[in-house]
Each structure stands twice: as structure tokens, then as C-alpha cells.
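>>> What would the 3D arrangement of this be:
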Amino acid sequence: MKNLCYLLISILAFFCIGCGDSDPNVISGFQGIPNPQPTGTATPNPDPIPDPDPVARLRVLNAVVNSQDLVVSIDGSQVGQLDQFQTTGYLELEPGQHRLVVEGNTEIISVQTTEIDVLVDQTLTLAEDSSATFVVGTPDIGTPTQTIEEPGENNILLTDDVTPSTGTLSARFLNILTPALDVSLETENDDVLFGLTSSGEVTAYSNINLTLLQGTNELRTYPQTRNFFTSFMDVEGSPGSDIVQALTEQLGLQGANLTILTVSAPGDTARFLVLILDDLVNDDTIIVSQGTTER
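Have a look, this model is predicted:
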């Protein structure tokens, strides 16, 4: 009888052990809950993207004819060394006040030789998200022995429009001739692009009527008396290119804004027309034409 009990216990144990599936890929009833679901966990919130620091943009243009190596410093730090008709490009600064100093590392040579010590020492106030160009103009030299310590009225701070309208060429006209002379800017066909503008003044931006530039390759400045004019045609450094072609080529699909300057060498020995693109990307695009005066 005892042997029979042992036999029954052995048979029951055999069936209990064998009740699981021998296939390891098949889940048996003794292997727990199939595909347990993960417990919910809170997704951490990503750190918010901080707002960009406010900036103001300032560009310095050396419009001092016959100058070399003008040292440009902002708040005591040198930011550029400019030859004639060169620019720093737009520099990003904190909005507010900044001290701009431009020192002459060279002599201004004309019919007389005058040593320039400091062309600019000025505190500028720049608004948030603004773009500006500070034009360093040719000093109005007095006597041959005069050493210029302060710039006078030929330096000017311009507020730039760096957002052009699609398909539109917009320009403004700055007159910084020395000695002072009011002039207009016209085509060789007497079509007026900008009316009589006083020395030291700048016009507002206005759209250029491109049809007025068709059939012409020359721009002219006229004084109020119109007894002579200064003709600008050839582009310096670009043989075979004329000033009108260079002007119209600035118009891309996105449009273009630019500033046109008329400036003279010390003693009015030469006059130049300077085109500078008001653009955050192409901020050093400058086109220069030396004029010929005809009476």
C-alpha cells in the first residue's frame, strides 16, 4: 500500500512538471503577465529657448578721400583699419551708448598737406534692432598749417533700411562735398533721380524708376546754377563696367536698398560717386566712380 502511494505521488509530480509548454517561445500560465505595460512616467518639460539678446548694428564707412589705415575703435577696442571707401561691415553691439573713435594713421594730401590726428571722437546712441552707418567724411581743410582735431559737419550717422521690397531698387542720396555745394543727381538725359540736396544732408529712401536708366551709362551731379556738371561713368576696379550698369545690377529678386554718396577730395581736387549696399549680408559691397567735371 505504501508503495502504491509513492507511485501515485510520482505520477502526479510528473504531470505537474510537464504542464508547461516545452517551446520557449510559447508563454505558459506560470510565466507571468504577457507584454506588461510600462507604468506611466511624466515627460520632463524641455528648457524653454531663451530669447536672443537684443542687438544694434553699426557700420563705419571711410569716405575720406586719399586716406589710408584709419583706425576705428568702439568703446576702446579696435574693430577695423580702413582705407579709402572701405567699411567695417555691420558690427553687432548692445543697444545704448557707444564711444566711436576714428584716428588718422596717415596724412591727407591735396594741394596742401594737413596732418589728421583724430577724425571722430563721438558718443553714439543706438536703438535696439536698429542698423546704422557712420560715414567718416573728408574734413574741410582750412589753412595749410591747420591740424584738425575735431571732425566738423562731414561725418554723419545714417539710420539704414536693410529690408528691401521685393523687386524694387530703393536708394537715398548723401551729399558730403567739401567745400559745401548743393547738387542734384541726374542721368545724362537730364532725368532727375534726386533733386537739389544741400551739403551735409541726406534724402529719404525712394524707389528708382529703372526706365530712366535705360539707354544711359552715365550719372551726373549739377549745382543749382547748372553752369557745369560732374560726370560719373567708369567704375573703379571694374574695366568695361559703367556706373549705371553697376547700379541696376544690385537689384536681385529680393530687391535692394542702397546709399549713394557724392564726396570730394581735400581742396576739391577730385569728386567721387560712391554706392554702398544697405544689406546685412552684402554689407561691404561698394561701387566707386571718379568724376570728370565739364563746363
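>>> starting at the chain centroid, how far to stretch 285-295?
Here stretch 285-295 is found 24 Å from its chain centre; the criterion is Cα atoms, centre = their mean, to the nearest Å.
>>> Now stretch 87-102 - C-alpha only, CSV.
The C-alpha coordinates for stretch 87-102 follow below in CSV (Å, rounded to 0.1, in the frame of the first residue of the first chain):
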residue,chain,number,x,y,z
THR,A,87,33.8,99.6,-44.4
THR,A,88,33.8,97.6,-41.2
GLY,A,89,30.6,95.9,-42.2
TYR,A,90,27.8,95.8,-39.7
LEU,A,91,29.0,95.1,-36.1
GLU,A,92,26.6,93.8,-33.5
LEU,A,93,26.6,95.8,-30.3
GLU,A,94,24.4,96.1,-27.3
PRO,A,95,21.7,98.8,-27.7
GLY,A,96,22.6,102.0,-25.9
GLN,A,97,25.6,104.4,-25.9
HIS,A,98,28.9,103.6,-27.5
ARG,A,99,32.0,105.7,-28.0
LEU,A,100,33.3,105.7,-31.6
VAL,A,101,36.9,106.9,-32.2
VAL,A,102,38.5,107.1,-35.7
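>>> any idea of the mean pLDDT for it?
Averaged across stretch 87-102, the pLDDT comes to 97.
>>> swap in stretch 62-79?
94.
>>> again, but for stretch 242-250
Mean predicted confidence for stretch 242-250 is 91.
>>> Can you point out the buried residues in it?
Asp242, Ile243, Val244, Ala246, Leu247, Gln250 (16 or more other Cβ atoms under 10 Å). All C-beta spots, glycine's among them, are computed from the backbone N, C-alpha and C.
>>> ok, the second one touching Val288?
No. The pair Ile243 and Val288 does not pass the contact test of Cβ atoms under 8 Å, sitting 9.1 Å apart.
>>> Next, show the common contact partners of those two.
Counting by Cβ atoms under 8 Å, 6 or more residues apart in numbering, the contacts common to Ile243 and Val288 are Val235, Leu273, Leu275.
>>> Next up, the contacts around the last one.
This points to Leu275. Leu275 touches Ile243, Ala246, Leu247, Gln250, Leu258, Thr259, Ile260, Leu261, Ile286, Ile287, Val288, counting by Cβ under 8 Å, 6+ apart.
>>> residues near Gly80, how many?
A total of 18 residues lie near Gly80 under the criterion other Cβ atoms under 10 Å.
>>> hang on, it is in a strand, isn't it?
Yes. Using DSSP: H, G, I helix; E, B strand; the rest coil, the assignment for Gly80 is a strand.
>>> show me what contacts it?
Val60, Val71, Val72, Thr88.
>>> let's see 6 Å
Val72, Thr88 (Cβ atoms under 6 Å, 6 or more residues apart in numbering).
>>> go on, Thr230?
Contacts of Thr230 (Cβ under 6 Å, 6+ apart): Thr221, Arg271, Gly291, Thr293.
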